[in-house]
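Colleague: Pasting a predicted model and its sequence here:
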Amino acid sequence: MPGKALYVNCLVSLGFFENEFYVVVDDSSAYVDRRNVRVSRAPEMDKQVEGQVLAYVVEEQPGRALVELPGQAVVGGLRTWIQQKQIAAS
């Protein structure tokens, strides 16, 4: 079972459906419910914006963490290793 929730910096595009975004975190990407993504402005068709996606910590090591994204995987899996600096400030 995933651990604590936090937000991770990501790139955000429109999803197929109105209630989702397509997010990219390093080598993984997923379709994620919009309620789990923070953006300062919504992405436009064929454009990406910087944002933050909710993720759950699976494992922590010095300087990095294995996180799980709450969505449907597209490239890679729902789990990806991120550097500590990718964790968004609250």
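Modeller: Sure thing, it's come through.
Colleague: Show me the longest strand that occurs in the protein.
Modeller: With secondary structure taken from DSSP state E, the chain has its longest strand at strand 49-61.
Colleague: what are the pairing partners of the following helix or strand past it, and which direction each?
Modeller: Using DSSP states H and E, the helix or strand that follows strand 49-61 towards the C-terminus is strand 64-68. Using DSSP bridges, the strands paired with strand 64-68 are strand 49-61 (antiparallel), strand 79-83 (antiparallel).
Colleague: for the shortest one, the distance to its chain's centre please.
Modeller: Meaning strand 79-83. 10 Å (CA atoms, centre = their mean, to the nearest Å).
Colleague: Export only the CA atoms of it, formatted as PDB.
Modeller: Presented in PDB, the C-alpha positions along strand 79-83 are these (Å, rounded to 0.1, in the frame of the first residue of the first chain):
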ATOM      1  CA  ARG A  79       5.800   3.900 -10.400                       C
ATOM      2  CA  THR A  80       8.900   6.000 -11.100                       C
ATOM      3  CA  TRP A  81      12.000   7.100  -9.200                       C
ATOM      4  CA  ILE A  82      12.200  10.800  -8.700                       C
ATOM      5  CA  GLN A  83      14.900  13.000  -7.300                       C
END
